[in-house]
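Participant: Provided below for reference: sequence and predicted model.
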Amino acid sequence: MTHYFDAVVIGAGAAGLFCAAIAGQRGLKVLVIDHSEKVAEKIRISGGGRCNFTNRDVTPVNFLSDNPHFCRSALAGYTPQDFIALLQKHGVPFHEKHKGQLFCDRSAEDIINLLLAECAAGHVERWQPCSVKKVTDLGIKSDLNPINTGASSYQIDTDRGLIETPHLVIATGGLSIPKIGATDFGYRIAQQFGLRMVEPRAALVPLTFDGDAWLPFAQLAGLALPVQIETGSRDATPKQRKKATVFAEDLLFTHKGLSGPAVLQISSFWLTGQSLRINLAPGQDLSHALLKAKASSKKLIANELASVVPSRLADAWASTDAALQRPICDATDKALLSLAERLADWQITPNGSEGYKKAEVTAGGIDLRGPEVVPTTQRVLAQIEPSTSSFAAFDADMADGLVLLVVVTGSHHSTTWRASQAISDPTITRVLVTTNEPATGTRLAVHARSDDDFVAAWQSLVDRPAATAAQP
């Protein structure tokens, strides 16, 4: 027996549930499938169990993207304030914690219950647990399908039977935190449809170090302090440093290396073999403080240093150099100035990260940069890769009019709102969406009858200012 739905969402996480809920409330018959018995496991563990569900001040600047204008349309269409209003509608209490980050007062379960209530309002059906064996693009018009008769369809073979739908959403996320069910399902589907891939890698992840140079700092596990951290080589010019990615956040020493908000943020930009530069005392004039102490103090250098950095760090740092293991009054000016310089510009090279088991997100994935034609049965009209966000439109038969296969990565609420808009648009006969948090993507549809016309039309969209970005 074949089951028919207007739209099928594979993945019952934040993106899948939100997309399904909105699509259902727009009048579509929607099914959500997930291989796990539980929904939204990543929501449940996010924010220390309180779910940091959005940021009040989020803008396109906050998204890691090769095309910084790409997410503007999605953010303009569904803002953080819209999602905040949804929480208020459901009576979910929340608070602002740091730099606009919003957390639930009680538990992440409040967000899960909200999404399930929204799905119920849209009469969304869920099959859990349910494994997907195969996804097939039928590429034909199905007169047997009582829903959206005459539309091209996808066929999904599951352990609960066959499903046919004109709109398929792949919302299975990336590879991070495999112990709660993360898989490469979405990437395999993308490859099945002939999409190029950027090598996935762990992001928002603790970084690791080894070797003798790290031994003095391994004992500092649990120590946290505010720092300024950036990517950059030891021989970077002032001009290059001006363009470096910089974060001012807290750093946390661990048994294996470094973590905390500063390191998690920079890890999304860090590449293997690249060094990091860390100011361990931002806002402090270390040279002045140390030279002043030399003129009036007989304390050990480590003791005086403890007035500007945590004492455990001061002790560990002094232990790395015999010239620093003496009273500060006996130290040379050169040694103190060198110490100040190294603390303000600590340059270290990670040997790797703690991988997907500790990563909060996955970077890379579908590579969709710029218009391109690939040798498949379908024609790729547009491919855009704003880092972990992606968009693709396929035209199965140009003579028959536009038939879209849309790929969007990102579990941000504005992304999935866009996805639900796409699958409920009656002018679009076929849509596929994939998600890979945390970045966001959106849909920009271009109608064209030739490759040259399309490239010109697409470029006009890419070049548009944010205020007039194309809307679906």
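Facilitator: Looks like it arrived, so ask away.

Participant: out of the helices and strands in this protein, which is least certain?
Facilitator: strand 391-395 (a mean of 29; mean pLDDT, DSSP states H and E).

Participant: count the residues that sit near residue 198.
Facilitator: Around residue 198 there are 17 other residues, counting by other CB atoms under 10 Å. (C-beta placed from N, C-alpha, C; glycine too.)

Participant: and if you look at residue 199?
Facilitator: Residue 199 - counted by other CB under 10 Å - has 8 other residues nearby.

Participant: my read: it touches residue 364, true?
Facilitator: Yes: with contacts counted by CB atoms under 8 Å, residue 199 reaches residue 364, the gap being 5.4 Å.

Participant: what average pLDDT does the lengthiest strand in the chain get?
Facilitator: Ordering each strand of the chain by length in residues (DSSP state E) puts strand 132-141 first. Averaging pLDDT along strand 132-141 gives 83.

Participant: helices or strands next to that strand in the packing?
Facilitator: For strand 132-141, the contact count by 3 or more CB pairs under 8 Å, 6 or more residues apart in numbering; DSSP states H and E identifies strand 152-158, helix 185-192 as packing neighbours.

Participant: let's have those in a markdown table, adding distance to residue 289, mean neighbour count and mean pLDDT.
Facilitator: Shown next, in a markdown table, are the helices and strands packed on strand 132-141 (distance: least, CB to CB, whole Å; neighbours: other CB atoms under 10 Å; pLDDT from 0 to 100):
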| stretch | distance to residue 289 | mean neighbour count | mean pLDDT |
| --- | --- | --- | --- |
| strand 152-158 | 65 | 20 | 88 |
| helix 185-192 | 51 | 19 | 89 |
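
Participant: any idea which of those gets closest to residue 309?
Facilitator: Closest to residue 309 of the helices and strands packed on strand 132-141, according to CB to CB: helix 185-192, at 43.2 Å.

Participant: by contact count, what packs against that closest one?
Facilitator: Checked by 3+ CB pairs under 8 Å, 6+ apart, helix 185-192 has strand 132-141, strand 167-170, strand 197-203, strand 361-366, strand 431-434 packed alongside it.

Participant: and the angle for it with strand 132-141?
Facilitator: Interaxial angle, helix 185-192 versus strand 132-141 (axes from the mean of the first three to the mean of the last three CA atoms, to 10 degrees): 40 degrees.

Participant: okay, the angle between helix 185-192 and strand 197-203?
Facilitator: 170 degrees.

Participant: quick revisit: and the longest strand of the chain, what's buried?
Facilitator: Buried residues in strand 132-141, counted by 16 or more other CB atoms under 10 Å: 132, 135, 137.

Participant: next, the angle strand 152-158 makes with that strand.
Facilitator: 160 degrees.

Participant: strand partners of strand 132-141, parallel vs antiparallel please.
Facilitator: If you go by DSSP bridges, strand 132-141 pairs up with strand 152-158 (antiparallel).

Participant: which is the next helix or strand following the strand it pairs with?
Facilitator: Counting by DSSP states H and E, the next helix or strand C-terminal to strand 152-158 is strand 161-165.

Participant: fine, thanks again, bye for now.
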